[in-house]
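[1] I'll drop the sequence and a predicted model, then ask my questions.
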Amino acid sequence: MTSIEMLPPTKRDRLKKQAKLEVKKKLREALPILTRNEIRRVRLPYHEALLLELEEDGYTSSAEFLKQLIQYQEDMRREHGPDSVVSSRPRLLDCRKELDRLYSGLKTAEGAHYIDNIGAECDELIKLGVMFALGLQDWWWLGEQLLIQAVNVSSSFQKDGGRREAINRYIFGKFILENLLDPDRAKEELIAARQLSTGKPWTAKKEIGYKQDTVLIESCILLYKALLAEAKEVMKYDPLKAARICAIARKRANDACDRHGEAEALMIQGLCEMEAGDASAAVESFLKVLIFHTKAGRLNGICEARIHIALAFLKIGKFSDTLSHLEALLKFAEENNLHYYVAQALRFLGEYYLNQGMPNIATPLLIKALNIFHEIEDLLNREQARNLAAISAGQELIQKYTELILKCGKEGLKGHAHVLKLVRWKDIRELFWTEGEESSSGSRSVESFEQSLTTLSEQQFLNWEPDDGEYEEVGEEFATELEMIKEVTSDDELDY
């Protein structure tokens, strides 16, 4: 075969040109054939191209709804300002993936509507709503609008006996309660879902995508949680009304066969009754809580119930019952190695004995509680136990301290000696009750308390010496008098 380079120049150029044309033809044939819509999606802003396609294809409702969603987000961004969390979220008109999902889903839903298949329309809308509402927080606002639309459409469709409406309202209520944290709005949807699903075996497993109990049970569980959240707010200004709300919440938990929910509702009901001053009713509520937790074997629940029972008995003046429940709490917590509740039991026992005027019993209990709280790093309760232990230790020595103050008024060297003891106690915490007397149980408790504080914080008690010029006003006369006091105290025991 003759090489192309050996051909005459004219023929050679003609062949090269022909080869280039064939290559260009093959490349053109390999290119995809773009439709008008695809070209428009490249040339125009993506959301505008989709809106035009929907309108041209006759899906005017979908186009209008998509336009409203885009405008809704833009209005929110403008309202909250450029530096807000709302403005930091992705814009719908810039997110092709989300726009494609909306385009496809809304188009399918409207198509089903045109052929009078309202059930399929509801299914498509709830599918879209769940996709965004139970997904990333950035798109919760979009999921909320889609769920509202799904509920509105399903509420007018009763050919399925209200199944879709019940499921949609349950999902919407779940979203409002768990994501938006708005129990008042959620309660309305969940009540409607409960009423529609009573006696029905409907579930939302297909719509939500994971295992679910019946809509009735799931709605009741969420409903009692919403009611308890409402009760906690109402308790701040109307505890009796809050207690009534808790009673309803307990019924809803019972409808769902949720014993833990019943116990929780009874616990909050008892707290409301305590707040309202009805401690006797609170005792009954807390005793029922104790029974629930005992049957279920919930150790922490048993301890919490006993604490509240003891406090309720204390409020109505049944001190022996208070003491018995606190002692039972301490024994139970020790047997089950519940260190937090051991410390709580010791703390409340110490507080009980302190209020009964027995600080000599209270102080050791409070010191033990203080040490346990420190070991488990519960700082808040540690400080509360520390304060109570300090009060109790002070109560043990208050009589001796009062006697010391009275003795400071004596004339002569003995009076000055007592003043010196008082000053040294105030300045460098030199114990005023050990000199000239045997250590009592009260002084030993105080010493133990101070040792615990020293262990917890090396700088709690600072041992300092006064500066040379700190007592300059005293002068040489007082210094001489101090020497005389030392001579007297070394020879004769001071009279206390």
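    Arrived safely. Residues are numbered from 1 along each chain as shown.

[2] quickly find the element holding L51.
    helix 46-56 (DSSP states H and E).

[3] where in the chain is pLDDT low?
    1-5, 7, 31, 409, 411-416, 418, 425, 428-496 (pLDDT under 70).

[4] for it, which segments count as strands?
    Along the chain, counting by DSSP state E, no stretch forms strands.

[5] list the buried residues of the longest helix seen in it.
    As assigned by DSSP state H, the longest helix anywhere in the chain is helix 379-407. For helix 379-407, the neighbour count (16 or more other CB atoms under 10 Å) marks 381-382, 384-386, 388-390, 392-393, 395-397, 400, 404, 407 as buried. All C-beta atoms are positioned from the backbone trio N, CA, C, and that covers glycine.

[6] re the thing from before, next, the buried residues of the helix holding L51.
    Y46, H47, A49, L50, L51, E53, L54.

[7] which residues touch the second one?
    The one in question is H47. By CB atoms under 8 Å, 6 or more residues apart in numbering, H47 lies in contact with L66, I70, L92, L93, L99.

[8] could you rerun that using 7 Å?
    Residues in contact with H47 (CB atoms under 7 Å, 6 or more residues apart in numbering) are I70, L93, L99.

[9] in helices, which of those fall?
    I70, L99.

[10] for the residue lying closest to K211 once chain neighbours are set aside, grab the count of nearby residues.
    In space, and not counting its chain neighbours, K211 is closest to K205: 6.2 Å by CB to CB, 6 or more residues apart in numbering. Using other CB atoms under 10 Å, K205 has 13 neighbouring residues.

[11] 35 is where my numbering starts, stick with that
    New numbering, starting at 35: the last item is K239.

[12] isn't K239 up against Q246?
    Yes: with contact defined as CB atoms under 7 Å, K239 counts as touching Q246 (4.6 Å).

[13] how near is K285 to R228?
    As judged by CB to CB, to the nearest Å, K285 and R228 stand 11 Å apart.

[14] of the two, who's got more company?
    Higher neighbour count among K285 and R228: R228, with 24 against 16, using other CB under 10 Å.

[15] spatially nearest residue to that one (excluding sequence neighbours)?
    Closest to R228 by CB to CB, 6+ apart is S253, at 4.4 Å.

[16] show me the contacts for the one you found.
    Y204, L224, A227, R228, S231.

[17] which one of the residues you listed is nearest R197?
    S231 (8.1 Å; CB to CB).

[18] CA atoms only for the helix holding L85, dumped as CSV, please.
    The C-alpha trace of helix 80-90 is given here as CSV (Å, rounded to 0.1, in the frame of the first residue of the first chain):
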residue,chain,number,x,y,z
TYR,A,80,-31.9,25.4,37.9
HIS,A,81,-35.0,26.1,39.9
GLU,A,82,-36.4,28.4,37.2
ALA,A,83,-35.9,25.7,34.6
LEU,A,84,-37.8,23.2,36.8
LEU,A,85,-40.6,25.6,37.4
LEU,A,86,-41.0,26.2,33.7
GLU,A,87,-41.0,22.5,33.0
LEU,A,88,-43.8,21.9,35.5
GLU,A,89,-45.9,24.7,34.1
GLU,A,90,-45.4,23.5,30.5
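
[19] for that helix, the distance to its chain's centre please.
    How far helix 80-90 lies from its chain's middle: 44 Å, per CA atoms, centre = their mean, to the nearest Å.

[20] for stretch 147-154, same thing?
    Between the centre of stretch 147-154 and the centre of its chain there are 43 Å (CA atoms, centre = their mean).

[21] in it, what counts as buried?
    For stretch 147-154, by 16+ other CB under 10 Å, it's H147, I152, G153.

[22] please apply the same query to stretch 358-376.
    By neighbour count on 16+ other CB under 10 Å, the buried set for stretch 358-376 is H359, L360, L363, L364, F366, A367, L372, Y375, V376.

[23] distance to A143 added to those residues, as JSON lines?
    Listed next are the buried residues of stretch 358-376 as JSON lines, based on distance: CB to CB, whole Å:
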{"residue": "H359", "distance to A143": "60"}
{"residue": "L360", "distance to A143": "62"}
{"residue": "L363", "distance to A143": "59"}
{"residue": "L364", "distance to A143": "63"}
{"residue": "F366", "distance to A143": "58"}
{"residue": "A367", "distance to A143": "58"}
{"residue": "L372", "distance to A143": "55"}
{"residue": "Y375", "distance to A143": "55"}
{"residue": "V376", "distance to A143": "60"}
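
[24] which one of those residues is nearest A277?
    Nearest to A277 among the buried residues of stretch 358-376, counting by CB to CB, is H359 at 22.0 Å.

[25] how much space separates the closest one from L321?
    10 Å.

[26] for N371, same thing?
    25 Å.

[27] repeat for V249
    Distance from V249 to L321, by CB to CB: 34 Å.

[28] what residues are up against L84?
    Per CB under 7 Å, 6+ apart, neighbours of L84: L133, Y137.

[29] next: the one 5 residues further on.
    Residues near E89 by CB under 7 Å, 6+ apart: A97.

[30] ditto for G335
    Taking CB under 7 Å, 6+ apart, one finds A297, H327 in contact with G335.

[31] do that again at 8 Å, thanks
    Contacts of G335 by CB under 8 Å, 6+ apart are A297, V323, F326, H327.

[32] ditto for S188
    C156, I160, R198, E199, I201, N202.

[33] in JSON lines: those, plus distance to R48.
    Shown next, in JSON lines, are these (distance: CB to CB, whole Å):
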{"residue": "C156", "distance to R48": "69"}
{"residue": "I160", "distance to R48": "68"}
{"residue": "R198", "distance to R48": "73"}
{"residue": "E199", "distance to R48": "77"}
{"residue": "I201", "distance to R48": "74"}
{"residue": "N202", "distance to R48": "73"}
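
[34] looking at these, spot the one nearest T397.
    Nearest to T397 among the contacts of S188, with distances taken as CB to CB, is I201, at 61.3 Å.

[35] just give the number of residues close to the closest one.
    Neighbours around I201, by other CB under 10 Å: 30.

[36] could you measure from it over to C337?
    Taking CB to CB, one finds I201 at 40 Å from C337.

[37] isn't R381 up against L422?
    Yes: judged on CB atoms under 8 Å, R381 makes contact with L422 at a distance of 7.0 Å.

[38] between the two, which contacts overlap?
    What both R381 and L422 touch, as defined by CB under 8 Å, 6+ apart, is the set L400.

[39] name the nearest residue to V249, ignoring sequence neighbours.
    Per CB to CB, 6+ apart, closest to V249 is S231, 4.1 Å.

[40] and the one you found, what is it in contact with?
    Contacts of S231 by CB under 8 Å, 6+ apart are A200, Y204, T248, V249, L250, S253.

[41] wait, the residue nearest to K245 sits on D247?
    No: K239 is not in contact with D247 according to CB under 8 Å; the separation is 9.1 Å.
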